[in-house]
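Chemist: Starting from these lines, generate the structure:
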Amino acid sequence: MPYGIELICMKIPKIILNLAVLYAVTGYTAEHDVLITDNVLQDTVVDHVPAPVKDTINNTLFINKTSTPEATAIKPTALINLNDVISNTAAYPAILSAEADVNASQGDKSAADMQRYPTLSASTNLNDSGRFSPTFQIQQPIWTGGKISGQIEEAERLVESAEAKKDITTYTIALRAVSAWQNLVDTQNSIKINSEILDNLENYRQFMERRVAAGVSPQIELQLVLTRIQQALADIQSAKATNQIAKIQIRQLTNFGYSDTELDGIPTLESQVKLAKKWLETKLLADINSFLTNTANEYPTVLQAQKEVEVLKARHKIKKAAYYPTVNLGYQYTLNGGSNFNNSSDSRFTLGVNYQPGAGLSSYEAAKAAAIRAEGARNAIEAARLDILESMNADIQDALSNKQREDMLSSSVDASAMVLDSYKRQFVAGKRTWFDVLNALRELTQNKLAVVHTKTSLVSSAYKLMVKSGEFKQYNNGL
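Modeler: This is a model prediction of the structure:
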């Protein structure tokens, strides 16, 4: 007796017992349903069973599966979204380096603040009696012509500039993550479509093998199917390679925070498209001009250019301070006989004025050059604004264009599917060639892939706009 039939026969008493339990609990008789409860064989046809009965099936017929130690439940893995990926890029070396620059700039600011306080110095000389005479001195700057305040202001602006540079690095890495995410989503869906087409081609191959064996179709038509199968396999392999590259990019950007298997679990493309469209309608299209203006004014590259101007203005202030003398109050204490305090000593208060204008008019020229640099740097602010506006306008046009193309391509997919079904029927009737059928299948494949590419481009453009506007995490945590 074949093994499969023998196995079913062995399970018949158990099946009857389970059905009896089902009837006793629910009063329901499954006249047309087949339930074979076994770890090896299980065929269930219960699509039309009421919900209470399905619950009873899960709690009675299959209770032995969940109660045995061998049948451990597999917990579903949480989906990885783009927010998670972008959050984990905080460990990327470039961002850590930028953060270190911020900390160093804060240290420089603390050092600049210390210049307000007195300066302590100590020295010693060998006097005529052959003994050392130590001297202790304290100097407190009273007026420096704006030099100290300029240095403090410069240090403060450098801290803000370093923070803006860190934000630029963070945004740049986030945009790279969006591009890698787009490739990941695109290739996953492309692999799925090509795999479905490969299944269709495999059915066509079996169909054509029977026709060739029966002498109804020539061998060349079978060879044509085999060629298309090889093309589909090549497309799948190419998509898998691109998918692997996208995974590597995401893993590197997140400091290898994810495995390849974890990156297989991402939200569906349809859910991401729905979310992207909602954001475009509620956040962008509601007032594009305000959106662009606010984003351009707050974008890190623009802020960093503004801070650079303020740094140069502070440096001009420092250079300009050389026009004026500095005034210091000092106190000096000298032991004339060494460390013996019974010996004679000398102490005095001093009020000093120091003026160093530099050789010729060098201080004047240096201040003039600093002022020119500060004024010229203002153009960098406008240049940064224009750059981000150009980039965002391109993303907006891509998003809107892909949104329109998606609707048109979706209808093309439906039309291509209808054409393919028609061609298959006409081929059997002898009104279409086998080449026509395969070409119709190829057109359907291309339209499906075009829809995927369009949707992923739409989602990517929306994500980039979210990142650039700083609204990504605030808008949705499920992307």
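
Chemist: Tell me which helix or strand comes right after the lowest-mean-pLDDT helix or strand in the chain.
Modeler: Considering only helices and strands, the least confidently modelled element of the chain by mean pLDDT, DSSP states H and E is helix 63-67, at a mean of 34. Proceeding C-terminally, helix 63-67 gives way to helix 82-88 as the next helix or strand, assigned by DSSP states H and E.

Chemist: So for that next one, what gets flagged as buried?
Modeler: When burial is assessed from 16 or more other CB atoms under 10 Å, helix 82-88 yields the following buried residues: 82, 84-88. Any C-beta I mention is one placed from the backbone N, CA and C, and that applies to glycine too.

Chemist: Widest-spaced pair of these?
Modeler: Looking at the buried residues of helix 82-88 by CB to CB, the two members farthest from one another are Leu82 and Asn88, with 10.7 Å of separation.

Chemist: what sits against Ala399?
Modeler: For Ala399, the contacting residues are 276, 280, 284, 458, 461-462, 465, taking CB atoms under 8 Å, 6 or more residues apart in numbering as the criterion.

Chemist: In three-state terms, label it for me.
Modeler: On the three-state scheme (DSSP: H, G, I helix; E, B strand; the rest coil), Ala399 is labelled helix.

Chemist: What distance do you get for it to Leu389?
Modeler: 15 Å (CB to CB, to the nearest Å).

Chemist: try Asn289
Modeler: Here the criterion is CB to CB. By it, Asn289 lies 11 Å from Leu389.

Chemist: neighbour count winner among those two?
Modeler: Neighbour comparison, Asn289 and Leu389: the larger count goes to Leu389, with 16 against 7 (by other CB atoms under 10 Å).

Chemist: Can you verify my assumption that the more buried one contacts Ala296?
Modeler: Yes. At 5.3 Å, Leu389 and Ala296 qualify as touching, with contact defined as CB atoms under 8 Å.

Chemist: Now do the shared contacts for these two.
Modeler: Looking at what touches both Leu389 and Ala296 (by CB under 8 Å, 6+ apart), there is no common residue.

Chemist: got the buried residues for stretch 325-333?
Modeler: Residues of stretch 325-333 classed as buried: 326-328, 330 (neighbour count, 16+ other CB under 10 Å).

Chemist: Same check on stretch 433-447?
Modeler: In stretch 433-447, counting by 16+ other CB under 10 Å, buried: 434, 436-438, 440-445, 447.

Chemist: now do stretch 289-308
Modeler: Of the residues in stretch 289-308, those buried by neighbour count under the rule 16+ other CB under 10 Å are 291-292, 295-296, 299-308.

Chemist: Where do the strands of this structure begin and end?
Modeler: In chain order, the chain shows strands spanning 119-126, 132-143, 326-335, 345-354, with DSSP state E as the criterion.

Chemist: Using CSV, write down the CA coordinates of the last one.
Modeler: Translated: strand 345-354. The C-alpha coordinates for strand 345-354 follow below in CSV (Å, rounded to 0.1, in the frame of the first residue of the first chain):
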residue,chain,number,x,y,z
SER,A,345,60.3,91.3,49.5
ASP,A,346,58.7,93.6,47.0
SER,A,347,55.0,93.9,46.1
ARG,A,348,53.3,96.3,43.8
PHE,A,349,50.1,97.0,41.9
THR,A,350,50.4,98.0,38.3
LEU,A,351,48.2,99.5,35.6
GLY,A,352,49.5,98.7,32.2
VAL,A,353,48.7,99.9,28.7
ASN,A,354,49.9,97.8,25.7
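
Chemist: what angle sits between it and strand 326-335?
Modeler: 170 degrees (axes from the mean of the first three to the mean of the last three CA atoms, to 10 degrees).

Chemist: ok, now the shortest one?
Modeler: Orientation of strand 119-126 against strand 326-335 (the same axes, to 10 degrees) gives an angle of 40 degrees.

Chemist: What's the mean pLDDT across strand 119-126?
Modeler: Strand 119-126 comes out with an average pLDDT of 86.

Chemist: Also the longest one?
Modeler: Looking at strand 132-143 alone, the average pLDDT works out to 88.

Chemist: Which strands border that strand, and is each parallel or antiparallel?
Modeler: Note on strand 132-143: by DSSP bridges, its sheet partners are strand 119-126 (antiparallel), strand 326-335 (antiparallel).

Chemist: quick one: contacts of the longest one?
Modeler: Applying CB under 8 Å, 6+ apart, the contact partners of strand 326-335 are 133-145, 147, 341, 343, 345-355.
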